[in-house]
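Asker: Need a 3D model of the sequence below.
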Amino acid sequence: MLLPFSEGVELLDFAFSAEWEQNAFLRWIAGDEFGMSFNEFKEAVKPRPVKSSAQILADVDEIMSRTQWRKSS
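Answerer: Take a look at the predicted model:
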């Protein structure tokens, strides 16, 4: 029996999400269980989205424009 591609991708996504949550739980138990709830901890350690190089450079230009430092020509 062959699994359709889309179902395979969904299965892998579920497996990676479950593994990430288990690892986050182990990290939470090891240190922050008394400082915050598990859901708060998950939000704090959730991976941030990857930005493109162009977006990162645009962010740097914006930061540079708000400081006394200027980018050389």
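
Asker: Please count neighbours and contacts with C-alpha atoms only from this point.
Answerer: Will do.

Asker: Next, the buried residues of the lengthiest helix in the chain.
Answerer: Using DSSP state H to define each element, the chain has its longest helix at helix 5-27. Neighbour counts over helix 5-27 (16 or more other CA atoms under 10 Å) mark 24-25, 27 as buried.

Asker: with those in mind, which one is nearest to P49?
Answerer: Distance ranking of the buried residues of helix 5-27 against P49, using CA to CA, places A24 first at 17.5 Å.

Asker: Distance check, that closest one against E33.
Answerer: Plainly put, A24 is 11 Å away from E33 if you go by CA to CA, to the nearest Å.

Asker: May I see the buried residues of helix 5-27 organised as TSV, with distance to S52 added?
Answerer: Converted to TSV, the buried residues of helix 5-27 look like this (distance: CA to CA, whole Å):
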residue	distance to S52
A24	26
F25	30
R27	29
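
Asker: could those be laid out in a markdown table, adding pLDDT and distance to F38?
Answerer: Converted to a markdown table, those look like this (pLDDT from 0 to 100; distance: CA to CA, whole Å):
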| residue | pLDDT | distance to F38 |
| --- | --- | --- |
| A24 | 93 | 9 |
| F25 | 94 | 7 |
| R27 | 91 | 10 |
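
Asker: low-confidence ranges in the chain?
Answerer: Where the chain drops to pLDDT under 70, the residues are 69-73.

Asker: could you point out which element follows the helix or strand harbouring K42?
Answerer: Using DSSP states H and E, K42 sits in helix 38-45. Following helix 38-45 in sequence order, the next helix or strand is helix 53-65 (DSSP H and E).

Asker: just how off-centre is that following helix within its chain?
Answerer: Distance of helix 53-65 from its chain centroid, counting by CA atoms, centre = their mean, to the nearest Å, is 20 Å.

Asker: before we move on, what about stretch 15-29?
Answerer: Distance, centroid of stretch 15-29 to centroid of chain: 13 Å (CA atoms, centre = their mean).
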